[in-house]
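Visitor: Sharing a model prediction with you, sequence too.
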Amino acid sequence: MQSPIDVGIVGAGTAGTASALLLARAGHRVTLYERVPEPGPVGAGIVLQPTGQAVLERLGLLQPVLERGARIDRLRCVTARGRPVFALDYLPVGEPARGPAGVECFGLGLHRGVLHQTLLQTVRAQPGIELRCGVDIDAPLLERDHVALRTAAGERLGPHDVVVVADGARSQLRAGTGLRFSESPYEWGALWYVGDDADGVYAGELFQVVRGTSFMMGLLPTGRGPQLDSPPDVSLFWSIRTDRLEAFRTGDLQAWKDEVQRHDPRAAFLLEQIRSHEQLLFAHYRHISMPRWHGERIVFIGDAAHAMSPQLGQGCNLALVDATGLADAIAAAPSPTEALALYTRLRRDHLRYYLWATRAVTPFFQSDHEWLGWLRDRFMPLLTMIPWIRRQMCLSMAGHMRGVLRSPLSLAALATTPALPPAPDA
C-alpha cells in the first residue's frame with residue numbers, strides 16, 4: 001500500500017502492541033485503544049518460542065527480553081511413577097528453524113508481564129501511535145468507506161480505514177461483525193504460582209508430571225520478573241477442573257502442597273513461599289475458531305481470533321506472528337480490503353494447524369477420559385523414537401508447523417519481510 005492509512009487497534013496486549021509498532025513504523029497512523037485505565041505487567045509464565053523470538057528481533061526488542069528470560073532447551077514429561085512420557089529438545093528442529101543469523105534455537109521461559117511491559121513501553125515512545133487507555137469498545141460501526149468504533153458509554157470514535165481487534169479470547173466484538181465463529185470453554189484450567197528460584201533449581205527445562213488425564217503439574221523456569229531487582233522465578237502450574245475450583249479454595253492447602261512435593265521433592269523451597277490459596281491464580285481457557293479472520297475493513301488477530309488451550313505453548317507466539325502477517329499484508333496489497341483478505345490467506349495454514357493440533361492433544365493431558373492417558377503413556381514414548389515423528393513434534397513445539405506435509409515456517413522471513421504469495425483468493 002503506497003499511501004498511509006488510519007488504523008484503529010482494539011486491545012493493547014501482545015498482538016495489539018506488536019501490530020501497532022509494525023504499522024506505525026511502516027508510516028501508518030495508529031490509534032491503540034485499551035479498556036484498562038492503567039495497563040501494567042501481569043500474568044504468569046509463558047514460553048517464547050523461536051517464532052516469537054524472531055518477531056521480537058524484527059521489532060528490535062529481542063535482546064532486552066532475552067536478558068530477562070530463562071533459556072529452555074527441552075520439554076520433559078514423566079508419569080507419577082517417574083516413567084518417561086517424552087523428552088523433546090530443540091536440536092531435531094534443524095536448519096529450517098534456525099534464526100536469521102544461523103543461531104541455535106531454544107525456548108525462552110518468560111514472565112508474561114516482561115513481554116507486555118517491553119512492548120507497551122516501546123509503544124509509548126513510538127511516533128505515530130496514539131495510546132488511549134480506559135476506553136471500553138462496545139461495537140464496530142461500518143460506514144461508507146471507513147469503520148468507526150462505539151464505546152460502552154455510547155461515544156463514537158474514529159473513523160478508521162481498518163480496525164484490528166486484538167482484545168483477547170473474551171472479545172465481545174466478534175458477535176457484531178457478521179463473521180462466523182465458534183467458541184467453547186474448556187472444562188479444565190490451571191492454577192498458577194510464580195515464585196523465586198534464586199538457585200536455578202529448575203533451569204533449562206519445562207518439567208511436567210502426569211497421572212492419567214486428570215492430574216498434571218508442571219514447573220517452568222520464568223527468568224526475572226518485570227521489576228528490575230527481581231530474582232529468577234519459576235512458575236508452578238496445576239491442572240484442575242473449573243467446577244472443582246471452589247472446593248480447592250476451601251480445602252486443605254498443606255495436603256495439596258504435600259502432594260506436589262511427593263511428585264517432585266525439588267519443589268519444597270517453592271511450596272514454602274505459598275501461604276494461602278489466594279496466591280494461586282486460576283486461568284480458564286477456551287477454544288475460539290473462525291473460518292476467516294477478516295470482514296469489511298475489520299480483522300481479528302491473537303486470542304480474539306484463535307484462542308486455544310496452552311498445551312502446545314503457542315499463544316503469545318501466534319499473536320506475534322499474526323502482527324507480522326498483518327503488517328506484511330497491508331504493505332503488499334493495493335487497498336485495505338485486499339490487505340485483510342491477504343492476511344487471512346497468509347495466516348491460514350499456520351493457524352489452522354495449531355488450532356487442530358491443540359484441540360487434538362489437549363484431551364490426552366486434561367480431560368475426564370482416563371483411557372487417553374493410558375494410550376499416551378504407552379505409545380508416546382514409542383512415537384518419539386521414530387525420527388520423522390520426533391521431528392514433527394519438535395517443530396510443533398517450536399512453533400513452525402504449517403501442516404504435516406507443508407514446509408515449516410521460516411524464522412528468517414519472520415525477522416524481516418516474508419515472501420508473499422500471489423493475489424488472495426478470498
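Guide: Received it, and whenever you're ready, just let me know what you need.
Visitor: Tell me what Leu219 is bridged to.
Guide: Phe207, Leu236 (DSSP bridges).
Visitor: Could you tell me how many residues sit around it?
Guide: By other Cβ atoms under 10 Å, 25 other residues sit near Leu219. Just so you know, the C-beta spots here come from the backbone N, C-alpha and C atoms, and that holds for glycine as well.
Visitor: need the contact list for Asp138.
Guide: Arg150, Thr151, Ala152, Gln172 (Cβ atoms under 8 Å, 6 or more residues apart in numbering).
Visitor: right, and out of those residues, which lies closest to Leu142?
Guide: Arg150 (11.3 Å; Cβ to Cβ).
Visitor: so what's the closest one up against?
Guide: Here Arg150 is in contact with Ile137, Asp138, Ala139, Pro140, Leu141, Arg156, Leu157 (criterion: Cβ under 8 Å, 6+ apart).
Visitor: dump the residue contacts of the most centrally placed residue in the chain.
Guide: The centroid of the chain falls nearest to Gly315 when counting by Cα atoms, centre = their mean (1.6 Å). With contact set as Cβ under 8 Å, 6+ apart, Gly315 has these partners: Ile46, Asp303, Ala307, Met308.
Visitor: Of those, which belong to strands?
Guide: Ile46 (DSSP state E).
Visitor: Please type out the ChimeraX selection for whichever of the contacts of Gly315 turn out to be buried.
Guide: The following ChimeraX line selects those of those that are buried, judged by 16 or more other Cβ atoms under 10 Å:
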select :46,303,307,308
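Visitor: Give me the subset of the contacts of Gly315 that lies in helices.
Guide: Judged by DSSP state H, helices contain the following of the contacts of Gly315: Asp303.
Visitor: can the contacts of Gly315 go into TSV with extra columns for pLDDT and distance to Tyr354?
Guide: Shown next, in TSV, are those (pLDDT from 0 to 100; distance: Cβ to Cβ, whole Å):
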residue	pLDDT	distance to Tyr354
Ile46	93	15
Asp303	95	12
Ala307	95	11
Met308	94	7
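Visitor: With distance to Leu228 as added columns, please give the contacts of Gly315 in CSV.
Guide: What follows is the contacts of Gly315, written out as CSV (distance: Cβ to Cβ, whole Å):
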residue, distance to Leu228
Ile46, 20
Asp303, 29
Ala307, 32
Met308, 33
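Visitor: start to end distance for stretch 185-204?
Guide: 32 Å (Cα to Cα, to the nearest Å).
Visitor: buried ones in that stretch?
Guide: For stretch 185-204, the neighbour count (16+ other Cβ under 10 Å) marks Tyr186, Trp188, Gly189, Ala190, Leu191, Trp192, Tyr193, Val194, Gly195, Asp197, Val201, Tyr202 as buried.
Visitor: Quick check: Leu340 vs Gln63, distance?
Guide: Note on Leu340: its distance to Gln63, by Cβ to Cβ, to the nearest Å, is 32 Å.
Visitor: neighbour-wise, which of the two wins?
Guide: Counted by other Cβ under 10 Å, Leu340 and Gln63 do not tie: Leu340 has more neighbours, with 28 against 9.
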